[in-house]
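Asks: Build me a structure from this.
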Amino acid sequence: MRKQRGVSLVEIMVAITLGMLMMLGLGTVFVSVSQTSKLRQNMSVVQDNERTAVAFLNNGIRGAGFFPNPTLALTFTTSAASFPASGLWLPGQSILGTGAGTAGTDTLSVRFIASTGGAAVQGCSANLTAGDLYTDVFSVANGYLTCTETDNTAGTTNTVNLVPNLSGMNITYGIDPNCTTGSVSEYLPAATVPAAVWVGSCGVGGQLKTVNVTLQFNNPLAGQPSQPTLVTINQTIPYMIGL
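Replies: The predicted structure is shown next:
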């Protein structure tokens, strides 16, 4: 009879070593795939936040100076009565900015009159009182795009965190300074916009035509090769005020 021969210690050690190498390789692949999936998911969240932030600002800018009766908005007298002087606000003014357009600390303020059933597209919250005068102030604070909404008629104020993961906001204003072309010929930061532009000289439409917003988001891929710390989105939003 032939003697049966078992597995030697060396063979066992070789088999264990090969198994460990295979497990290590599979583990590395698993970790890499998981990290890539997480980064893609985080980037998708940032893109969703970008769209949401632009939607809020778009509604705010387009709705600045809203009157329940649009035919009355075409006269300065009506506009000034509905949007009276208050603090930095001039009579008839419905949009106001602060900042130099480069430091990421700009703010944007808009005034409007709430309409019946307008909560879906007006303001930063769903609790609007029809006929009341509102002021919304958009800014970036503590990593959020925030909106401080004041019901000027009722004298109440509420601050809402709209979108997370922001680092800053830069804003410039497209104007037609000579009131001749009807289109934008230069962009200015709020700090250098003349007072006459805010209240809309040049008759219907005014000098202010567009608002250019740049939002700075924290990049979830920061630290990866060739990846910046921030990702930005830029949007030019039409604005038209009737006087």
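
Asks: State the distance from the residue nearest the centre of the chain to residue 62.
Replies: Nearest residue to the geometric centre of the chain (C-alpha atoms, centre = their mean): residue 53, 3.3 Å. According to C-beta to C-beta, to the nearest Å, residue 53 and residue 62 sit 15 Å apart. C-beta coordinates here come from the backbone N, C-alpha and C atoms, glycine included.

Asks: how much space between the residue lying closest to residue 195 once chain neighbours are set aside and residue 197?
Replies: Computed as C-beta to C-beta, 6 or more residues apart in numbering, the closest residue to residue 195 that is not its neighbour in sequence is residue 90, at 6.5 Å. Distance, residue 90 to residue 197, using C-beta to C-beta: 11 Å.

Asks: between these two, who's got more neighbours?
Replies: Neighbour count, other C-beta atoms under 10 Å: between residue 90 and residue 197, residue 197 has more, with 22 against 16.

Asks: need the contact list for that one.
Replies: For residue 197, the contact set (C-beta atoms under 8 Å, 6 or more residues apart in numbering) comprises 173, 175, 177, 206, 207, 208.

Asks: residue ranges with poor pLDDT in the protein?
Replies: Along the chain, the model assigns pLDDT under 70 to residues 1-12, 14-15, 25-27, 29-40, 42-43, 69-78, 117-121, 180-181, 200-205, 240-243.

Asks: hey, where'd the helices end up in it?
Replies: 9-62, 76-82, 195-199 (DSSP state H).

Asks: Could I get the buried residue list for the shortest one?
Replies: Going back to what we said before, that points to helix 195-199. 197, 198, 199 (16 or more other C-beta atoms under 10 Å).

Asks: about what we covered before: how far away is the residue nearest to residue 195 from residue 153?
Replies: Taken as C-beta to C-beta, the span from residue 90 to residue 153 is 19 Å.

Asks: what do you get for residue 235?
Replies: Taking C-beta to C-beta, one finds residue 235 at 31 Å from residue 153.

Asks: What residues are bridge-paired with residue 89?
Replies: On the basis of DSSP bridges, residue 89 is bridged to residue 86.
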